[in-house]
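[1] Sequence and predicted structure below; questions after.
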Amino acid sequence: MRHYEVMVILDPEAEERTVAPTLEQYLEIVRKAGGTVENVDIWGRRKLAYEINKKSEGIYAVFDVNCEADTVSELDRQLGLSESVLRTKVVRPVAR
Amino acid sequence: MVKSPVRKPKKKVCAFCQEKIDYVDYKDTALLRKYISDRGKIRARRVTGNCTRHQRDVATAIKNAREMALLPYTSTAR
């Protein structure tokens, strides 16, 4: 089991209320595989430093995950397939 | 006789070592902004005064932040 921090940028056209349920759907992947999800933090709408897919803002969300390496790469893959996800990033924060 | 001016630059101490920060978070854009120029370039170590390790950590954090559009790659101000 390892600790990961995942950040996703979601499509700004989605309603901010629907963000949590959409994320939950993906977090289920982690839970099913025996991992745990902690502090889901939805930053909300934020201006992008540069345009991504012609969009100048995005909805940011950050969450911590404790799971196996395979699980997190599967999660990353699934997120990447989704149309409503602009970008994802998985980091492993060391020494904390 | 003209003496060539001998400059003794004041030795800067790495801000991260002083603060005892050992993880530079790429999400902390307020902090990272101090280490990029107004053009969006990463400031050199001789400017920031960071130690080798922390300069590297800052650079990596800035690059991560750029990927997530938190910081610009370039800013066309000017």
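    Arrived safely. Numbers count the residues shown, from 1 in each chain, chains lettered A, B, ... in the order given.
[2] Please make it C-alpha for all contacts and neighbour counts, starting now.
    Will do.
[3] Tell me which residue is most central in chain B.
    Nearest to the mean C-alpha position of chain B, by CA atoms, centre = their mean, lies B:Y35 at 3.1 Å.
[4] from what I can see that one touches B:T48, true?
    Yes: contact criterion CA atoms under 8 Å: B:Y35 and B:T48 qualify, at 7.0 Å.
[5] residues in contact with the residue nearest to the centre of chain B?
    B:I42, B:R43, B:T48, B:V58 (CA atoms under 8 Å, 6 or more residues apart in numbering or on different chains).
[6] and if you look at B:R43?
    B:Y35, B:I36, B:S37.
[7] So, low pLDDT: which residues of the chain?
    Since no chain was named, I'll use chain A. Where chain A drops to pLDDT under 70, the residues are A:95-96.
[8] The chain in question should be chain B.
    Using pLDDT under 70, chain B drops low at B:1-3, B:77-78.
[9] Give me the contacts around the lengthiest helix in chain B.
    Criterion DSSP state H: the longest helix present in chain B is helix B:52-67. For helix B:52-67, contacts defined as CA under 8 Å, 6+ apart pick out A:49, B:14, B:16-17, B:23-27, B:29, B:32, B:35, B:42, B:45, B:71-73.
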